[in-house]
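Asker: have a look; sequence and predicted model below, questions after that.
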Amino acid sequence: MSSPSLSFEISSSEAYPHDSRFAPRVAKLLIRKVAIDTPGLLACTSRGVVPHLSRDNVIRTKGIRWIHVPFETFLEHKPPVPTLQPQQGQSPKINSFLRFPEDEYVLSMSLRDPADRREMPANTNVYVTANCIRGVKKVTPSDWRSYMISCNPDIIFSLSDIPFTTPPYSQKRLTKSIERSALWLAHMLHSGPDSTSTPSNVFVQMVGGASAPARTTFAESLVEVLHGKEADAIQPRKCLDEGVAGYAFDMVPLRLAIEGVQGLSPNHSTIVSLIQASLLVLPPNKPRLVTSARGPHEMLLLIREVGIDLFDTYWAQRAANIGVALDFSFPAHIVTGKRDLGHNLYDTKYTRDFTSMMGNHDKDSPGICLCAACSPYSTPSPEILRHSSMDEPDKHRDSSDSPNPPYTKAFLHHLLHTHEMSAHSLLALHNITVMDAFFAGIRGLISHNSASIFEAEIRRFFETYMEDTDDMSRMEPNVFERAEKAWGEVELLRGKGRIARETERVKAESAVAANEVLKKEMEEKGAEGAVNVPLASNGEVMM
Amino acid sequence: MPYHSRSRLTHGLDGETVLPTFMPVATQAAIKGLTPEQVESLGISLILNNTYHLNLRPGVDVLKVAGGAHLFEGWRHNMLTDSGGFQLVSLSKFTTITEEGAVFSSPFNGESTILTPEESISIQHAIGADIIMQLDDVVPSLLQGPRVEEAMKRSIRWLDRCIQQHESAGRKDAQNLFAIVQGGLDPNLRDKCLDGMLERKDRVSGYAIGGLSGGEEKDVFWKIIKQCADRLPEDRPRYAMGIGFAEDLLVCVALGIDMADCVFPTRTARFGVALTHTGPINLKLGKHAKDFDPIDSTCPCPTCKDGTSRALLHHIVTHETTAAHALTIHNIVFQAQVMGRAREAIIAGTFPDYLLSFFAGYFGDRGYPEWCVAALRSVNVDLLQNSKTPMVPGGGAKWEYSDAA
């Protein structure tokens, strides 16, 4: 059973009316009844669920319309459990299993989690290594194809050879990566007599590491017209690219590869030129997806320089995990001075801050956040569960349609310090909603304004918000680093041995405090080494 | 039958709560993992917050600036705070009791703070719950000796101090104060406590039965509940503290209890256990890895109505907070359903039939616990009538074990 094909319609824009391969573009991706406006987002999942969000909270988070599901955790069982899901009507098995209705969500699957940067045993000509809770598993192209045919997601990421061994990668290694990935794509696309169905909507992860020539070679192999047996295998298509619905760029292995070559954290222009090297020879009218982009600054640059259409929300979801409430918009808020991209709600300055997570902004700034934390709506009375005929939940309730008061920074601060999970639920749905509004702002700007206005707003965004970078020259930890440290401290306060740890910490703190007092005293007395000598009433020194 | 016909808590509350009911526990101003919108959508109108914990964090100052716990945590319906008395037992390594109050010494730096009855009531005023509890002198259920009587008598004296504080602060009509009957497992002490506390009937809004659910024999437990419920006034709600197992709840309702709270259903959810009308299901077990049915296809909770399978839950349970949320939602609804069906049966006059059918469904596979049979017989419900199911000794708490064991 194959999935309905995807359509990708690029609209003509005010800002970039001419067909330029790398220009920013506004488009609509359509699969079945689900329309995704681009530039737009896909939500990351862990073990098949959106982290911290139960189904009802996923429904409350309107920005979640596309979810990406790494398959590898299901390798725990053989055969993997989703492939055993009983068919429910016409729904693809993976949608039935994970409970994301196929006419409400786009569901894409890759073998590996694109954000997983851990070292892995080398891939070979016949398998890719993947991670599950029982350890490393070997997955062959046949395995992958059969899993995907069984699960039948809307979008399949073709099996690719992306090395997670220690970089840098030799020419030889990159060549293998290119050849294997192309071969495995052909395997996925083949419609030979022994296959029951051909998957549609295959996305390919663009390999080649940090080598522009290697990346271009891979791209060329996609558009190269095949002959003989190779052509037969993928017929009626003439080249691999005819079976490719979109291109994916994984920032985690790309950054690792660049660091391996340069020894430094990659800068934007290197990343951009490498992605462009992949896209140079490829048709521009297919969706371009980036995984694990490092925040809105990088996303803006990738949109402007390369014409990227889709980003996963890895960075925003990770911010939620460490207690950061994102607070930015595009166009940027009108403020004086430069500010963080969000709030580290562990900070004690929020103990009595009863404003919502988006904070107070002046009247010229974009509107309030509509997430279920900043604009919480009660369930309409008819939908509230009643457990007996005596239950009358609508008695004494406000019947207005307006939202309840927002969850405050003070409350989130309390939840974080008391290690309450609901902190992360509220932060996750808030942060994803901020990203959704961010992309809506970008689309609006590109559609209705000149390129120079878009450029100016990008500049203003960079001037308004501090980018989340690895910049080693930064003296102070940024808001994300401070939050992660605070998160770690709260974790340490719990579990076995916590009383001993906390006692040590309190002792150390009071020793530091006592030292400060002593230092101050000595300073006040003037010279170093001044000693308090007891004097008798006649002024003589007492012994 | 001492169980109550339809009744509602309404006076001085944020909306109505129908009785009998079960209260989920939001210890630190949140039902763990859920937002107030979620809890409200499940048909819950009354939750419990914990005074000891809220006093620690966020603290009374923050709560006062926020305007009370309802506004701080976003819960718009009814709330009950316990007094901090239970922490005297649960954190007892660091506590000494004096007539003045309970002295907690900080395990980190030895600093001590004292919780007096007056202070407990003041903190509960700042929290602003609709129902507040007296500070009682709680001792472990299984403790014997003169300390039990001392604690019981002190609880009456502390009740007076709580009433005094509550009234002189002018909060008598804004918040409902409940007394807590103590006396351990000794019926004589319980009687004396009841004597004392019933004298204060006009100055309290309800009565709780405390000092149980601490590992005592179930056969002793139900008799104490019955003894207290028989003497407590008809026109005051009766609250059994720390009761959460379905069978315990229904026995208590049959004996005349209106309200109960317990961390059990929400805690066991976080540990991967789903509660059902035929017993608990431990979703960590391998036997559920390939079970594509929901926990209970008749359950109205969002997890089950959405069709979330046991197989999916098995895959995420203990790994993803999302699993904790899905199971917490289910277990809260299960508890509400158990009590809701009880209310429905009470209205219809079929409560004995409901008891028979619930217990048959729950214990039919392994036998009715003796104590349940005895307790229900005391109110003229005979679980063994027309039933082939035998009686079995022991507490009877159900659990699901691995097939591999």
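Answerer: Perfect, thanks for sending it. Residues are numbered from 1 along each chain as shown, chains lettered A, B, ... in the order given.
Asker: spit out the contact partners of the closest residue to chain A within the stretch 201-350 of chain B.
Answerer: Using C-beta to the nearest C-beta, the single residue of the stretch 201-350 of chain B nearest to chain A is residue B:340, 2.4 Å away. (Glycine included, C-beta is placed from N, CA and C.) Neighbouring residues of residue B:340 by C-beta atoms under 8 Å, 6 or more residues apart in numbering or on different chains: A:386-388, A:391, B:43.
Asker: again, 7 Å this time
Answerer: Each residue near residue B:340 by C-beta atoms under 7 Å, 6 or more residues apart in numbering or on different chains is listed here: A:387-388, A:391.
Asker: what's the answer for residue A:276, then?
Answerer: Contacts were defined as C-beta under 7 Å, 6+ apart; by that measure residue A:276 touches A:22, A:306.
Asker: likewise residue A:229?
Answerer: For residue A:229, counting by C-beta under 7 Å, 6+ apart, there are no contacting residues.
Asker: how far away is it from residue B:166?
Answerer: Distance, residue A:229 to residue B:166, using C-beta to C-beta, to the nearest Å: 89 Å.
Asker: cool, residue B:111 as well?
Answerer: The gap separating residue B:111 from residue B:166 is 28 Å, by C-beta to C-beta.
Asker: which one of those two has more residues nearby?
Answerer: residue B:166 (25 against 10; other C-beta atoms under 10 Å in any protein chain shown).
Asker: name the residues that touch stretch B:24-33?
Answerer: By C-beta under 7 Å, 6+ apart, stretch B:24-33 touches A:414-415, A:418, A:420-422, A:425, B:39, B:44, B:47-50, B:53-54, B:57, B:69, B:72-73, B:261-263, B:266, B:270, B:321, B:324-325, B:328, B:332.
Asker: what subset of these is buried?
Answerer: Among the contacts of stretch B:24-33, those classed as buried by 16 or more other C-beta atoms under 10 Å in any protein chain shown are A:414-415, A:418, A:420-422, A:425, B:39, B:44, B:47-50, B:53-54, B:69, B:72-73, B:261-263, B:266, B:270, B:321, B:324-325, B:328, B:332.
Asker: tell me which of those residues fall in strands.
Answerer: Counted as lying in strands by DSSP state E, out of those, are B:47-50, B:261.
Asker: so which of those residues comes closest to residue A:101?
Answerer: Distance to residue A:101, by C-beta to C-beta, is smallest for residue B:47 among these, at 31.7 Å.
Asker: in space, what's closest to the closest one - neighbours in sequence excluded?
Answerer: Closest residue in space to residue B:47, ignoring its immediate chain neighbours: residue B:26 at 4.8 Å, by C-beta to C-beta, 6 or more residues apart in numbering or on different chains.
Asker: wait, isn't residue B:321 in contact with residue A:54?
Answerer: No. The pair formed by residue B:321 and residue A:54 falls short of the contact definition of C-beta atoms under 7 Å, at 9.0 Å.
Asker: what about the strands in the stretch 301-450 of chain A?
Answerer: A:310-312, A:324-326, A:342-344 (DSSP state E, counting those that start in this stretch).
Asker: buried sites along stretch A:495-509?
Answerer: Judged by neighbour count (16+ other C-beta under 10 Å), stretch A:495-509 contains these buried residues: A:502, A:506.
Asker: give me the mean pLDDT for it.
Answerer: The predicted model assigns stretch A:495-509 a mean pLDDT of 77.
Asker: and that stretch, C-alpha only, in PDB?
Answerer: Extracted in PDB, the C-alpha atoms of stretch A:495-509 (Å, rounded to 0.1, in the frame of the first residue of the first chain):
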ATOM      1  CA  GLY A 495      17.800  10.900  44.600                       C
ATOM      2  CA  LYS A 496      20.100   8.700  46.700                       C
ATOM      3  CA  GLY A 497      22.800  10.600  48.600                       C
ATOM      4  CA  ARG A 498      21.000  13.900  48.200                       C
ATOM      5  CA  ILE A 499      21.100  14.900  51.800                       C
ATOM      6  CA  ALA A 500      24.800  14.400  51.900                       C
ATOM      7  CA  ARG A 501      25.300  16.400  48.700                       C
ATOM      8  CA  GLU A 502      23.000  19.200  49.900                       C
ATOM      9  CA  THR A 503      24.800  19.300  53.300                       C
ATOM     10  CA  GLU A 504      28.100  19.600  51.600                       C
ATOM     11  CA  ARG A 505      26.800  22.400  49.400                       C
ATOM     12  CA  VAL A 506      25.300  24.300  52.300                       C
ATOM     13  CA  LYS A 507      28.600  23.900  54.200                       C
ATOM     14  CA  ALA A 508      30.600  25.100  51.200                       C
ATOM     15  CA  GLU A 509      28.200  28.000  50.700                       C
END
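Asker: how far out from the middle of the chain is it?
Answerer: Stretch A:495-509 has its C-alpha centroid displaced from the chain centroid by 35 Å (C-alpha atoms, centre = their mean, to the nearest Å).
Asker: the residue of chain A found nearest chain B - nearest residue in space that isn't next to it in sequence?
Answerer: When you check chain A against chain B by C-beta to the nearest C-beta, the closest residue turns out to be residue A:387, at 2.4 Å. The spatially closest residue to residue A:387, leaving aside those adjacent along the chain, is residue B:340, at 2.4 Å (C-beta to C-beta, 6+ apart).
Asker: next: residue A:297.
Answerer: Across the structure, with C-beta to C-beta, 6+ apart as the measure, the residue nearest residue A:297 apart from its sequence neighbours is residue A:467 (4.1 Å).
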